[in-house]
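Undergrad: the amino acid sequence is not available; the structure is as follows:
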């Protein structure tokens, strides 16, 4: 076996042990470096590089070489501009400098709950898509052609990303597992592009029964898109958690939690491990997270490490928490000290996976040096 | 869990509507795969 293959096998085993509940040889490391960060780090133009498939491998390769985490560090980009451009997207737009932005938008009107509850997918196809994408708000013939172009373009651009990540993974021996699914909590899906954050916040007061019914109607769809043929404990379903912390406890327990919990039960029953990106502050809901079925990976954006260690048992995997702001504003010593603190507080029992609190949008200035120092700390101090 | 939508056809229902395909399983044809891929693409436009 070549050195690279042996390294990959060793890295794979770290994740297999972690997700199986066995203590790995050391704390595994994972990070999500955005295209924004990777492209700028390589001195490339942000806007042009997102459009030019021929350079994808180049910036992924450079970042992988400099930041040897256990998985390929530059993630696939959900917000690739090509198909959004072809569709005339209103909810995802590229700025003049190349940053992909998500202005608040709603596509579902407040008087459409009854029709939505009867058949959510039908409403999405017939009513909401043309409101979100201007190229679909036209004659049926043009809409058909525009949709087909976008589908073909997305398939090609996604394929390019997957091939580039695959090539980097094999070149450097990163851990490799088939892709898992991705979905959302039904309430979050209702909020994001349908009713919007503002809209749904009012709906829970004005028409609570309909909001609850809408979440129940969405549940089978959220479960279906969360499962792929390769779903497993190692190829996890990714779910970012959005609205929970912005509701009061009563609203959270009545509207957000029930359908989400059913989603988690469905995924667990299907054998799919889950990685939750626990966005914002979930400290008051730690008991809920502890009660989730299966062995869930909880990537915390924000949290009190000691409280998490106390409330989240060895049943689950904790990750995240390392603040990217510290990488930017702190000294190398402060970053290393924080890494050691996380290792000592959360990492010693073999149920922690290193990750930053959120995806890295920048690698310039001190960030690259500090990130490397943090990684080196986990590779040495994080050994069992 | 049923999807209960008129815009997604399960393979078994598609075969009932097209009896000449009744002897083919899902893996042989690309039809359920195409249905699934389209469905996921549309949901992806809302994520």
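TA: Thanks, I have the structure now. Because the structure is a prediction, the values reported are computed rather than measured. Residues are numbered from 1 along each chain as shown, chains lettered A, B, ... in the order given.

Undergrad: count of neighbours near residue B:17?
TA: Counted with other Cβ atoms under 10 Å in any protein chain shown, the neighbours of residue B:17 add up to 8. (Glycine included, C-beta is placed from N, CA and C.)

Undergrad: an error on my part: the question was meant for residue A:344.
TA: By other Cβ under 10 Å, 12 other residues sit near residue A:344.

Undergrad: helix, strand, or coil at residue A:314?
TA: What DSSP: H, G, I helix; E, B strand; the rest coil gives for residue A:314 is coil.

Undergrad: who in the stretch 251-384 of chain A is up against chain B?
TA: Within the stretch 251-384 of chain A, the residues that sit near chain B (Cβ under 8 Å from any Cβ of the partner chain) are residue A:266.

Undergrad: please report how far the residue in the stretch 251-384 of chain A that chain B sits nearest to lies from residue A:344.
TA: When scored by Cβ to the nearest Cβ, the stretch 251-384 of chain A has residue A:266 as its residue closest to chain B, at 6.8 Å. Residue A:266 sits 37 Å away from residue A:344, taking Cβ to Cβ, to the nearest Å as the criterion.

Undergrad: now do the helices in chain B.
TA: Secondary structure of chain B (DSSP state H): helices located at B:11-17, B:31-44.

Undergrad: read off the pLDDT value for the closest residue to residue A:336 other than its chain neighbours.
TA: What sits nearest to residue A:336 in space, not counting adjacent residues and going by Cβ to Cβ, 6 or more residues apart in numbering or on different chains, is residue A:377, at 5.1 Å. As predicted, residue A:377 sits at a pLDDT of 97.

Undergrad: number of residues surrounding residue A:377?
TA: By other Cβ under 10 Å, the residues close to residue A:377 number 20.

Undergrad: can you check residue A:249 too?
TA: Residue A:249 has 9 nearby residues by other Cβ under 10 Å.

Undergrad: for the record, mean pLDDT for the strand or helix carrying the residue of the stretch 251-384 of chain A closest to chain B?
TA: Here residue A:266 sits within helix A:257-269, counting by DSSP states H and E. Helix A:257-269 carries an average pLDDT of 98.

Undergrad: run the chain-centre distance for it.
TA: On the basis of Cα atoms, centre = their mean, to the nearest Å, helix A:257-269 sits 18 Å off its chain's mean C-alpha point.

Undergrad: quick check: buried residues in it?
TA: A:257-260, A:262-264, A:266-268 (16 or more other Cβ atoms under 10 Å in any protein chain shown).

Undergrad: contact partners of it?
TA: Identification of contacts with helix A:257-269 by Cβ atoms under 8 Å, 6 or more residues apart in numbering or on different chains yields A:183, A:185-187, A:212, A:215-216, A:218-219, A:222-223, A:226-227, A:231, A:237, A:239, A:244, A:274, A:288, A:292-294, A:296, B:1.

Undergrad: please repeat the previous calculation with a cut-off of 7 Å.
TA: The contact list for helix A:257-269 (Cβ atoms under 7 Å, 6 or more residues apart in numbering or on different chains) reads A:185-187, A:215-216, A:219, A:222-223, A:226-227, A:237, A:274, A:288, A:292-294, B:1.

Undergrad: could you pull up the residues touching residue A:149?
TA: Residue A:149 makes contacts with residue A:86, as judged by Cβ under 7 Å, 6+ apart.

Undergrad: what kind of secondary structure is it in?
TA: Applying three-state DSSP: residue A:149 is helix.

Undergrad: how about the helices of the stretch 201-350 of chain A, start to end?
TA: For the stretch 201-350 of chain A, helices defined by DSSP state H, counting those that start in this stretch occupy the ranges A:208-226, A:249-251, A:257-269, A:286-290, A:305-311, A:324-329, A:332-342.

Undergrad: can those go into CSV with extra columns for distance to residue A:359?
TA: Below are these laid out as CSV (distance: least, Cβ to Cβ, whole Å):
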stretch, distance to residue A:359
helix A:208-226, 20
helix A:249-251, 28
helix A:257-269, 22
helix A:286-290, 21
helix A:305-311, 20
helix A:324-329, 8
helix A:332-342, 18
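
Undergrad: cool, thanks, talk later.
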